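>>> sequence first, then the predicted structure:
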Amino acid sequence: MRLPLLQILATSLLVSALPTPPSPYNATVLILGGGVSGVIAARTLHRLSPSTSFLIVEARHELGGRLQSTRFPSPSGEGEGYAVELGANWVHGTQTLGFEQVNPVWEMVKQWDVQTRVSDYYGSMTTYDHTGEAAYLPLLNDSLAAYAALVASAPLPGLQEPGSASARDGYDSLGYTPRTPHEQVAEYYTFDWEYADGPERTSWWASGVSTNATYEPTAGGFSRSNHFSIDPRGFSHFLKSEAGSFLDPTQVLLNSTVTAQGEETGVEVTLANGEVLRAEYAVCTFSLGVLQGGAVEWDAGLMPPRKKEAVEAMSMGVFTKIFLQFSQKFWFDTEFALYADPQERGRYAVWQSLDHPEFWPGSGVLFVTVTGDFARRVDAMPEEEVKAEVLDVLGKMYPNVTIPEPMAFHIPHWLSDPLFRGSYSNWPANFTREEHGILRAKTGGRGGKGRVRFAGEHTSERWFGFLHGAYYEGMSAAEEMVECIEGGSGCEEVRDFDLSDD
């Protein structure tokens with residue numbers, strides 16, 4: 001069911017005492033953000049405490065957060081074309097036969113009949129460098145083995161502090177030191193393409209935690225399969241359908257960009273037209289990049305110095321997919337391809353064909369993914385310059401082909417988008433579990449109630465960077481809130497960390 005949701009523009013969120021009379025949009029809980037965490041927080045409140053009123057305040061024109069797509073036409077001009085996924089497009093880990101744990105995102109994808117295909121990361125690959133096709137698949141196998149050893153050395157979450165060792169330190173301890181462009185692109189594919197940043201900037205401990213908790217069933221993970229959305233309605237269909245199954249249109253406010261400030265007895269949101277939304281509590285599901293970006297003005301009670309420092313200490317990665325569509329296919333028949341640039345590691349390195357029998361045959365759709373510092377550079381470039389560089393790389397991969405002008409080209413700008421400021425979080429070396437706990441801690445309410453809870457993939461210790469991390473954190477925040485509202489033990493601010501100015 002597609003909701004006829006409200007279309008009201010807001011520019012600021014103010015958190016303060018609750019005066020009377022109440023706003024027409026008064027709710028017990030404001031849920032700030034309508035991505036996976038926000039929708040699941042709302043669903044949890046709806047299920048566990050039906051009498052608790054809530055309002056989702058979402059900056060975009062639709063629910064979904066970083067689940068976004070654009071449309072490419074059919075080269076033949078017939079049919080509805082293709083929903084090209086700009087943000088999240090995989091279900092990472094599903095369920096393994098003989099194990100109880102199942103990825104909750106996978107359950108929703110199945111429930112709402114979203115069409116997916118298994119991605120063959122390592123069994124369907126062609127390799128290239130600046131001279132054309134080049135045979136270095138054995139190096140990819142070596143890199144995969146090194147990565148498996150790296151994550152296997154990490155303890156289960158909760159058993160050990162991360163320490164200061166980076167994943168690069170871990171690789172060094174294993175004797176794995178890629179030096180040639182072929183070796184480096186193989187490492188890039190197995191590591192950077194997963195974490196949206198390099199081994200030097202990523203915690204050895206945390207990289208193992210998130211991988212094992214997602215992919216390794218014996219460590220509590222789901223499965224080793226990755227399902228890619230090819231649904232013409234877009235990957236966000238599962239979340240919008242889930243939201244439509246329980247939300248009333250009056251429970252969602254779209255086109256509502258906010259800034260924040262707080263006091264002790266409640267929260268209030270001031271809209272651009274001067275109207276005010278008031279509530280007793282809020283769940284903030286803004287991305288880590290938005291929390292870091294400074295566009296949100298926080299009262300000291302909501303963002304005390306130690307919490308702000310913890311927010312700044314975690315990393316927001318950039319994972320940018322650059323899409324092209326051609327009238328005819330001229331490239332590799334495998335699902336994936338690697339390009340080893342002779343000068344720069346990770347320069348237009350990972351290619352994926354959707355014009356493939358298992359995905360969209362005849363679509364003419366091809367995309368290349370960039371991450372980390374290179375993605376940050378690309379985000380700031382004029383799109384015509386990016387397109388020229390991409391076509392130049394294709395020319396090197398296919399020196400005997402005259403590369404045609406694409407009929408469609410699209411690049412999302414996750415880093416410069418003020419609603420996201422990046423793609424997903426990463427756990428850097430030197431970032432401690434205590435700092436992460438402070439980042440996650442509820443704040444506000446000097447009278448003893450933690451009025452504002454923070455939720456999102458970045459607040460998950462086990463599944464940072466993953467959709468299922470966002471799911472579990474939204475659910476957890478709402479469960480705590482229900483305990484508080486109904487007089488349980490969930491009201492108090494977290495006392496494990498000193499968030500004071502001292």
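Happy to help now that I have it. Numbers count the residues shown, from 1 in each chain.

>>> which ones are touching A243?
L3, G34, V39, A42, R43, L63, V252 (C-beta atoms under 8 Å, 6 or more residues apart in numbering). All C-beta spots, glycine's among them, are computed from the backbone N, C-alpha and C.

>>> isn't there a strand covering it?
No. Per DSSP: H, G, I helix; E, B strand; the rest coil, A243 lies outside any strand segment and is helix.

>>> separation between V370 and L86?
Plainly put, V370 is 14 Å away from L86 if you go by C-beta to C-beta, to the nearest Å.

>>> who has more neighbours out of these two?
V370 (27 against 21; other C-beta atoms under 10 Å).

>>> three-state assignment of that one?
On the basis of three-state DSSP, V370 is classed as strand.

>>> which residues touch it?
So V370 contacts T320, I322, G346, R347, Y348, A349, V378 (C-beta under 8 Å, 6+ apart).

>>> show me the strands in the stretch 51-200 of the chain, by range?
All strands of the stretch 51-200 of the chain, identified by DSSP state E, counting those that start in this stretch, fall at 54-57, 69-72, 82-85, 90-92, 116-118, 125-129, 132-133.

>>> what residue ranges in the stretch 51-200 of the chain score low on pLDDT?
Along the stretch 51-200 of the chain, segments meeting pLDDT under 70 span 155-162.

>>> again with the stretch 351-500 of the chain
Answering for the stretch 351-500 of the chain: the residues below the bar, that is pLDDT under 70, span 445-449, 488-500.

>>> now the residue positioned nearest the centre of the chain: closest residue in space that isn't a chain neighbour?
The centroid of the chain falls nearest to Y424 when counting by C-alpha atoms, centre = their mean (4.0 Å). Nearest residue to Y424, sequence neighbours excluded (C-beta to C-beta, 6 or more residues apart in numbering): G465, at 4.4 Å.

>>> then W204?
G170 (3.9 Å).

>>> could you check how far that neighbour is from F191?
The value you get for G170 to F191, if C-beta to C-beta is used, is 10 Å.

>>> what sits in contact with each of the two?
Jointly contacting G170 and F191 under the rule C-beta under 8 Å, 6+ apart are P199, S207.

>>> burial measure for S173, as a count.
S173: 13 neighbours (other C-beta under 10 Å).

>>> break the protein into its domains for me.
The record assigns the chain these domain ranges, following automatic domain parsing: 6-64+236-313+427-485, 141-224.

>>> tell me which of those approaches T334 most closely.
Set against T334 and scored by C-beta to C-beta, those come closest in domain 141-224, at 13.2 Å.

>>> run the chain-centre distance for that closest one.
Taking the mean of its C-alpha atoms, domain 141-224 sits 19 Å from the chain's own mean (C-alpha atoms, centre = their mean, to the nearest Å).

>>> so which elements touch the helix or strand containing F409?
Assigned by DSSP states H and E, F409 belongs to strand 408-410. Secondary-structure packing of strand 408-410 (3 or more C-beta pairs under 8 Å, 6 or more residues apart in numbering; DSSP states H and E): strand 69-72, strand 319-325.

>>> list the buried residues of that strand.
A408, F409, H410 (16 or more other C-beta atoms under 10 Å).

>>> so the second one is in contact with K387, correct?
Yes. With contact taken as C-beta atoms under 8 Å, F409 and K387 are classed as touching, separated by 5.3 Å.

>>> which residues are in contact with both of the two?
Counting by C-beta under 8 Å, 6+ apart, the shared contacts of F409 and K387 are L324.

>>> thinking again about what came up before, touching, the residue nearest to W204 and L150? I think so.
Yes. Using C-beta under 8 Å, G170 makes contact with L150 at a distance of 4.9 Å.

>>> for L253, grab the count of nearby residues.
With other C-beta under 10 Å as criterion, L253 counts 24.

>>> how is it assigned, secondary-structure-wise?
Applying three-state DSSP: L253 is strand.

>>> tell me, what's the model's pLDDT at it?
L253 is assigned 92 on the pLDDT scale.

>>> Q7 now?
Looking at Q7, the pLDDT reads 27.

>>> same question, the one 5 residues further on
Note for S12: predicted pLDDT of 36.

>>> and if you look at L3?
So, for L3, pLDDT stands at 33.

>>> and N141, what does it touch?
Y122.

>>> state the distance from it to M407.
In terms of C-beta to C-beta, N141 sits 36 Å off from M407.

>>> report the buried residues of stretch 418-426.
So for stretch 418-426, counting by 16+ other C-beta under 10 Å, buried means L419, F420, R421, G422, S423, Y424, S425, N426.

>>> residues near P399, how many?
For P399, the count of nearby residues is 10 (other C-beta under 10 Å).

>>> mind listing what it touches?
Contacts of P399 (C-beta under 8 Å, 6+ apart): T131, G132.
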